[in-house]
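Visitor: Here is a sequence with its predicted model. Questions after.
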Amino acid sequence: MSDQDGLEYQSDGKSIELADALKPLSGPEWEQWQFGNEDELRGLAYVRYWDREADVVILDEEPRAIAWRAVVVEEDAGPLVPEFVSWFFVGGLQEPIEHLMTLPEPGAPGAPDLRMVAPENLRVPPEWWNSGSRVIRPAAEKRPEVHGGGVRKGEAPRA
């Protein structure tokens, strides 16, 4: 998973290169996380921060992508382990990313505005955090501060 060039996966019945699937997440506004190490990579996560929300995509070994828009609240440990989300999509490697990229910015007409409790599968799994985590590409834009027990950029959530 760490070497994205040339890796092909079957996703929803079609062959897709990982680099092509991840292309929408390659912009400077996306922070990229790696969980595990080069010998045993657990997964990747991508985060795009808005004012009080964040778009998140995690990729595991299935290959599967899970995407959500986290609602950042003071009591939250951050968008990678959200308490609330306003939207989510679970699917093959490409479809969740494609659907996320069509969402309007938070607060814009048509943007999801319903706050729901995040199901357990809309979190970076604890075993990923326990295997080691690091930001491998920080977002170019400054992330909003999260208060009240929140996680600052590059930190793992508290247990």
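Guide: Received, thanks.
Visitor: Return the residues in contact with residue 86.
Guide: 53, 69, 71, 106, 111-116 (C-beta atoms under 8 Å, 6 or more residues apart in numbering). The way it works is simple: take the backbone N, C-alpha and C, and place the C-beta from them, glycine included.
Visitor: What separation do you get for it and residue 118?
Guide: Per C-beta to C-beta, to the nearest Å, residue 86 is found 10 Å from residue 118.
Visitor: How about residue 18?
Guide: 26 Å.
Visitor: now residue 97
Guide: Distance of residue 97 to residue 118, given as C-beta to C-beta: 19 Å.
Visitor: Show me where this structure has its helices.
Guide: 18-22, 95-101, 126-130 (DSSP state H).
Visitor: now what about the longest one, what contacts it?
Guide: Translated: helix 95-101. With C-beta under 8 Å, 6+ apart as the criterion, helix 95-101 contacts 11-12, 21-22, 24-25, 55, 57, 65-67, 69, 87, 89-90.
Visitor: Could you rerun that using 6 Å?
Guide: 24, 55, 57, 65, 67, 89 (C-beta atoms under 6 Å, 6 or more residues apart in numbering).
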